[in-house]
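Q: below is the sequence, then the predicted model.
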Amino acid sequence: MKWRVMILGAVIAAATSPIRANDRLALRVSPTVSFAPANLVVRATVEANRANRSIEIVAESDDFYRSSQMQLDGDRAPRTTLFEFRSLPTGYYQVRATLRDVSGNELASLQTPINVVGTER
């Protein structure tokens, strides 16, 4: 049990600052470790740019996949967008944010690991 607490502390410490991809996109996911069924809040911050046309957020594990996509209105789009993923089952997840232009080309992409722990009985 102590090793789980140590891992949890390390993950939380690593997740305290947003990850940046060329300052065009920042991603913050909370919580980074939780008990199933988990509710995740994903905050994507996008630099204002005329080329920005959509953002996609994906939560994926070996056994589960969920995604959400939102259109952006270039440099008039909101700078920060919140996404919620509810009731995620147990698993190790990669949460990815991908920013795309009008042609669907990737402008920036980030990912962060998330752990949803099952309850022990």
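A: Looks like it came in fine.

Q: which residues touch the residue nearest the centre of the chain?
A: The residue lying closest to the centre of the chain (CA atoms, centre = their mean) is Val95, at 4.1 Å. Contact analysis of Val95 by CB atoms under 8 Å, 6 or more residues apart in numbering lists 27, 29, 40, 42, 57-60, 111-114. Backbone N, C-alpha and C define where each C-beta goes, glycine included.

Q: now do the strands in this structure.
A: For the chain, the strands defined by DSSP state E occupy 19-21, 25-30, 33-35, 38-46, 54-60, 65-71, 80-88, 91-100, 106-117.

Q: just how off-centre is the longest one within its chain?
A: In this view, strand 106-117 has its centroid 5 Å away from the chain centroid, taken as CA atoms, centre = their mean, to the nearest Å.

Q: swap in the fourth one?
A: Its chain's C-alpha centre and that of strand 38-46 lie 5 Å apart, by CA atoms, centre = their mean.

Q: just checking: what are the partner strands of it?
A: In the sheet, strand 38-46 lines up against strand 25-30 (antiparallel), strand 80-88 (antiparallel) (DSSP bridges).

Q: ok, now the third one?
A: The sheet places strand 33-35 alongside strand 106-117 (parallel), with pairing taken from DSSP bridges.

Q: what's the angle between the strand it pairs with and strand 91-100?
A: Orientation check (axes from the mean of the first three to the mean of the last three CA atoms, to 10 degrees): strand 106-117 against strand 91-100 gives 160 degrees.
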